[in-house]
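Undergrad: Mind looking at a prediction? Sequence and model below.
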Amino acid sequence: MPFRWRHLRWILQILIGGIIFGSALGKSLDATGFVDVLETYQAFSPSILWPLATIVTVGEYILGIWILSGYRLRMSALVGAGMNTGYAGWMTISLMRGLDVPNCGCFGVFFPQPLTWRSPIEDLVLVALCGLLAKLANAAATTQR
């Protein structure tokens, strides 16, 4: 694999892993606030909001660390693509329902952004970046064999 592609893979790994880890950190610093954000989506009963918030936050921590570690990078990038596809779909459905969500919850309550059509587009950009990272990781694994 050419030197420039290795650098791009490394940059994407840090960028994507850092964003996902940062998202988990923002949610965990005010877990109650994140639960309140989840409530604004009006999709789950209040009894499931805390477990859901915990699963999302812990899952993002694990995925962020996994991507940053580089272990089975192609697989972690594909999991990241799947997660962000799910988030984009979730936000699109919420927008189509006409919900007024003052904070999409992407980074917890510390970087509040209203849910707009820009929100799922940002996640789809992350999906594309994860796809590129998976492709570069696959190329690197093929070259090492």
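TA: Looks like it arrived, so ask away.
Undergrad: neighbours around Ser69, how many?
TA: 12 (other CB atoms under 10 Å). C-beta: built from backbone N, CA, C; applies to glycine.
Undergrad: Now do the contacts for it.
TA: Residues near Ser69 by CB atoms under 8 Å, 6 or more residues apart in numbering: none.
Undergrad: Got phi/psi on it?
TA: Ser69 has phi and psi values of phi -70, psi -30 when expressed as degrees, to the nearest 10.
Undergrad: swap in Val35?
TA: phi -60, psi -40.
Undergrad: quick one: contacts for Thr85?
TA: Contact analysis of Thr85 by CB under 8 Å, 6+ apart lists Asp123, Leu124, Val127.
Undergrad: so for the helix or strand containing His7, what's the average pLDDT?
TA: Using DSSP states H and E, His7 sits within helix 3-29. Over the span of helix 3-29, the pLDDT mean works out to 95.
Undergrad: sorry, back to before: just give me the closest of the contacts of Thr85 to Gly80.
TA: Checking the contacts of Thr85 against Gly80 by CB to CB gives Val127 as the nearest, at 8.2 Å.
Undergrad: tell me the contacts of that closest one?
TA: By CB under 8 Å, 6+ apart, the neighbours of Val127 are Ala81, Asn84, Thr85, Ala88.
Undergrad: got JSON lines for those residues, with secondary structure, distance to Phe110 and pLDDT too?
TA: Compiled in JSON lines, these are given as follows (DSSP: H, G, I helix; E, B strand; the rest coil; distance: CB to CB, whole Å; pLDDT from 0 to 100):
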{"residue": "Ala81", "secondary structure": "helix", "distance to Phe110": "25", "pLDDT": "98"}
{"residue": "Asn84", "secondary structure": "helix", "distance to Phe110": "20", "pLDDT": "98"}
{"residue": "Thr85", "secondary structure": "helix", "distance to Phe110": "24", "pLDDT": "98"}
{"residue": "Ala88", "secondary structure": "helix", "distance to Phe110": "22", "pLDDT": "98"}
